[in-house]
Every structure is written in C-alpha cells, then in structure tokens.
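# model the following, please.
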Amino acid sequence: MPHLTKQSLYQFACLLLLAGLFNSCKEILPKPTEITRIPVDTSKIDSLRLVDSLPSFNSPVGLAVDGVGNIYVADYGNNLIRKITSGGVVSTYAGNGNEGNSNGTNNLASFNSPTGIAIDGAGNLYVADSGNDLIRQITSSGNVLNFAGGDTIVAENGIGRHSSFSSPIGITIDAGGNLFVADAGNNLIRKIAPDSTVTTFATSPSGFANLINNPTGVAVDNKGNVYIANYLSNNILISDNLGNINVFAGSGSFGNSNGSLATASFYYPNSVAVDNKRNIIYVADGVNNLIREITPDGMVSTFAGSGRADIIANGKGTNASFNGPSGLAVDAAGNVYVADTNNNLIRKITPDGTVSTVAGNGHQGAHNGKMLARVKKMLVNSSHKNTVKIFNKHRF
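Down below sits the predicted model:
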C-alpha cells in the first residue's frame, strides 16, 4: 500500500468536497418551463428556432384597429409602432427602436415609451409618446411628425408645439376627428382639435381635487361621452361632451367584485374601450389580470380572464388568462383586442368571450413575420409587474 502523506490526504479530501458540491448543484437545478402548443408540422423547422422565429413584442401597451382589420400596436418596450395585418403578419410600421423624438418616414423616426394609439378615418395614426410628453402623428403615407406638445411638462394649452403634456398615456378619437388624451402627469383630460389646438377638456371639479387621479385610458362613445380609466382611484369616470365629470363605475376600493356600478371594484384599471353597437364598456383591469365589461343596464362583470398570471391560456371567459392586460380596441364586428402587456402578446376576444392569441410568442423581442403556431398553454414567471411602472406617473 502506498505511503499517504498529509499533503496527499488533504488533496484527496478537497476532491471529495468538490465532487459533493457539484452533485448537490445538479440536484437543485430548476426544471425547464413547460410549454404546450397546438400541433404544427415542425419536421423542417428546428424546435428551438420555432419560438424565436415567431413575431414578438416587448410590453405592448396601446392598440388601435382600422376598418379593414389591421391592428396597430404601441410597442412600449421596443419604442416602436407595429402593424398586424388581418392575415396575422407583423411588421414595424414606424420607429427605429432607439429612444428619441426624431421625425421622418417610418424607421427614420424615433419614439420614447409610446403607450396610446388611435386612428382616424383617413388612416392617420396618433401616438401618445409618453416618454417624450408629445402627441405624434403618423400620416397614412408613414411620415412621423409632432402633432402637439412642446418642451415643458406643465399643462399649457395652445396650438401644436405651443401646448404641453406630462406623461400622456391614453388617447382616443371621436367621429369629428377630435382627440382626447389622458394626461396622466397633470391629472387632466385634454382635447386636441383637428387643427392641433389643445384645450383642457375635463379637470377635477371644485371641492373634489383628486377626482381625476392619474388617468391612463380614454374612450369616447357615439354620444360624445368620454370614459376614463382613473388608475389610482380604482374607478371609471364619465364626462359628457361639455367636460362635466362624474364617477361612472367602481367603489374606489381595491378588488374584483362584480355587481352594480356603485358596488363593483377594480384594481388599477388602466384602459377602456367602447363597443358603440352594443353600448358596452370594456375595462382592462390590470392588476386583477381581467377584462371587465359594463353593460347598458349598469352591471359590471368579468368578460374574460381567470385572474391567474402564472399561465398563458386561451379559452372562453374565465378559462382564459392574462398578465397585466392594458390597451383595448374594438373592431366593427365587436371583437375586443387586448395588449397582454406582461405576456408580450396580442389577444382577441370574440363577442361570446372566446380568447385567442393573435400575435406574439410570449417572449420579449422585436421579431416581425407571421405567426406559425398558436400558444395554447404556457407556464410563465409572473413575478414582474411592468404595468405598474408604465401607468403610475405619481408614485413610482
């Protein structure tokens, strides 16, 4: 038997210790994420590259839909405006991905954290470029220019660049081409006429200083009523066409209770949309991970979503799930489109409440192309709350 010195015994003990550590590390490695997809023919496509090749987004927030079914996306995290055709093809419509406020055609322009988007009858887009405190216009030919807003963040009224905003987030347009803007940082609802004249449309009335509290979403019905997602007060406001404002729905308490307008509750509602044919108001109830609806008889209910954020699931009503849903848009057929922000997906809800995925692979990115596979169910890490940082312009 060979003679063992103290040095050789020490070296042998160190090797045993390292081997033990290596084995223990192998045992605690996390299991891979479970992903189930609707079957597709992948015989000629590498399974790993399939996910990467699908179109992707990075915290999409705002949506608008045109008369032929094209969807426009304010892709917040990518500083881009994206387009999804009715055939499901995703492309970059405007922006180069860099933070900035450059004007120009398509990818020569730049944005800084775009959040809201609206479209007029001529195909011009209007973008709430929240990081730049500007309202931008993208003409139907793809030219980007500053439509309203200047160098300050106070609530100045005026024409075009002689006006100012502070973190404008939501934007909508009425039949006359007037824009309404949720000026979150100023706690105001602003109106922009077609000639770019900016005025203050609605403010908290005397004696109710905090009635408008970090507004983030706006929608207008065919009677000229403006609905407001009043983020920090957990309710929905309504203003008539003269700017007289009142609470429309929500008790003001955190919650997800359904029921009458006065007793229902929300948890940081961030966006609203109107189905003018059926007179239904839809609400993106962000922290509850739900899409709520308010019917003409004054009842609030859950239209879609289970409330779970740890799984991406399509299905009907509460069998589906969202993670921090935000921007909403309604098409002529009554379909509701949802920017599923924390899941990096664009979702569709049919009038009967059936949820499907329109575009996105669930991962952050800026890939263009056509959806090759539909995500059926995906377990996800739901620990992040991007929508809180996006929408709250007063506390974070």
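
# what about Asn234, distance to Gly255?
Per CB to CB, to the nearest Å, Asn234 is found 8 Å from Gly255. Where you see a C-beta, it was placed from the backbone N, CA and C, and this is true even at glycine.

# compare these two and say which is more crowded by neighbours.
Neighbour tally, Asn234 and Gly255, criterion other CB atoms under 10 Å: the higher count belongs to Asn234, 21 against 16.

# any idea how many residues pack against the residue nearest to the more buried one when sequence neighbours are not counted?
Of all residues not flanking Asn234 in the chain, Phe266 sits nearest, at 4.9 Å (CB to CB, 6 or more residues apart in numbering). As a burial measure, Phe266 scores 31 neighbours (other CB under 10 Å).

# bridged to Phe266, which residues?
Beta-bridge pairing for Phe266 (DSSP bridges): Phe254.

# residues shared between the contacts of Asn234 and Gly255?
265-267 (CB atoms under 8 Å, 6 or more residues apart in numbering).

# still on that earlier bit, contact partners for the residue nearest to Asn234?
The neighbours of Phe266, taking CB under 8 Å, 6+ apart as the test, are 234-236, 249-250, 255-256, 283, 285, 288, 292.

# returning to that earlier point: between the shared contacts of Asn234 and Gly255, which is nearest Asn279?
Nearest to Asn279 among the shared contacts of Asn234 and Gly255, counting by CB to CB, is Phe266 at 19.8 Å.

# need the per-residue pLDDT for the closest one.
In this model, Phe266 is scored at 98, pLDDT.

# could you shift the numbering so residue one becomes 39, and keep it that way?
From this message on, residue numbering opens at 39, which makes the last subject Phe304.

# what's the distance between Asp369 and Val396?
11 Å.

# what's the answer for Gly403, then?
16 Å.

# once you drop chain neighbours, what's closest to Ile266?
The nearest residue in space to Ile266 (CB to CB, 6+ apart) is Leu275, at 4.1 Å.

# partner residues bridging the one you found?
Beta-bridge partners, per DSSP bridges, of Leu275: Ile266, Val285.

# quick revisit: so of the contacts of Phe304, which ones are in strands?
Cross-referencing the contacts of Phe304 against strands under DSSP state E gives 273-274, 287, 321, 323, 330.

# in JSON lines, list those along with pLDDT.
Shown next, in JSON lines, are the ones in strands among the contacts of Phe304 (pLDDT from 0 to 100):
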{"residue": "Asn273", "pLDDT": "98"}
{"residue": "Ile274", "pLDDT": "98"}
{"residue": "Ala287", "pLDDT": "98"}
{"residue": "Val321", "pLDDT": "98"}
{"residue": "Asp323", "pLDDT": "98"}
{"residue": "Arg330", "pLDDT": "98"}
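
# filter the residues you listed to the buried ones?
The neighbour count (16 or more other CB atoms under 10 Å) marks 273-274, 287, 321, 323, 330 as buried among the ones in strands among the contacts of Phe304.

# returning to that earlier point: shared neighbours, Asp369 and Val396?
Common neighbours of Asp369 and Val396 (CB under 8 Å, 6+ apart) are Tyr375.

# the more surrounded of the two?
Neighbour count, other CB under 10 Å: between Asp369 and Val396, Val396 has more, with 20 against 17.

# may I have stretch 208-220 exported as PDB, CA atoms only?
Taking Å, rounded to 0.1, in the frame of the first residue of the first chain, the C-alpha atoms of stretch 208-220 are listed here in PDB:
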ATOM      1  CA  GLY A 208     -54.200  57.100 -23.300                       C
ATOM      2  CA  ILE A 209     -55.600  58.600 -26.500                       C
ATOM      3  CA  THR A 210     -58.800  58.200 -28.400                       C
ATOM      4  CA  ILE A 211     -60.600  59.900 -31.300                       C
ATOM      5  CA  ASP A 212     -64.200  60.900 -31.900                       C
ATOM      6  CA  ALA A 213     -66.200  60.900 -35.200                       C
ATOM      7  CA  GLY A 214     -65.300  64.600 -35.700                       C
ATOM      8  CA  GLY A 215     -61.600  63.900 -35.600                       C
ATOM      9  CA  ASN A 216     -61.100  65.400 -32.100                       C
ATOM     10  CA  LEU A 217     -58.500  63.600 -30.000                       C
ATOM     11  CA  PHE A 218     -58.900  63.100 -26.200                       C
ATOM     12  CA  VAL A 219     -55.800  62.500 -24.200                       C
ATOM     13  CA  ALA A 220     -55.300  61.000 -20.700                       C
END
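
# pLDDT on that stretch, on average?
Mean per-residue pLDDT for stretch 208-220: 97.

# same question for that stretch: list its buried residues.
208-212, 216-220.

# same deal with stretch 309-324?
309-313, 318-324.

# check stretch 183-190 too.
For stretch 183-190, a neighbour-count test (16+ other CB under 10 Å) marks 184-188 as buried.

# farthest pair within those?
The widest separation within these (CB to CB) is 11.6 Å, between Phe185 and Gly188.

# for the stretch 139-288 of the chain, just list every one of the strands.
Here the stretch 139-288 of the chain has its strands, by DSSP state E, counting those that start in this stretch, at 142-143, 152-157, 163-167, 172-176, 181-186, 196-197, 206-211, 217-221, 226-230, 235-240, 253-258, 264-268, 273-277, 283-287.

# okay, angle between the second one and strand 163-167 too, please.
Angular relation of strand 152-157 and strand 163-167 on a 0 to 180 degree scale: 160 degrees, by axes from the mean of the first three to the mean of the last three CA atoms, to 10 degrees.

# what does strand 152-157 rub up against?
Against strand 152-157 from outside (CB under 8 Å, 6+ apart): 99-104, 110-114, 117-119, 133, 163-169, 174, 206-211, 217, 219-220, 255, 365, 428.
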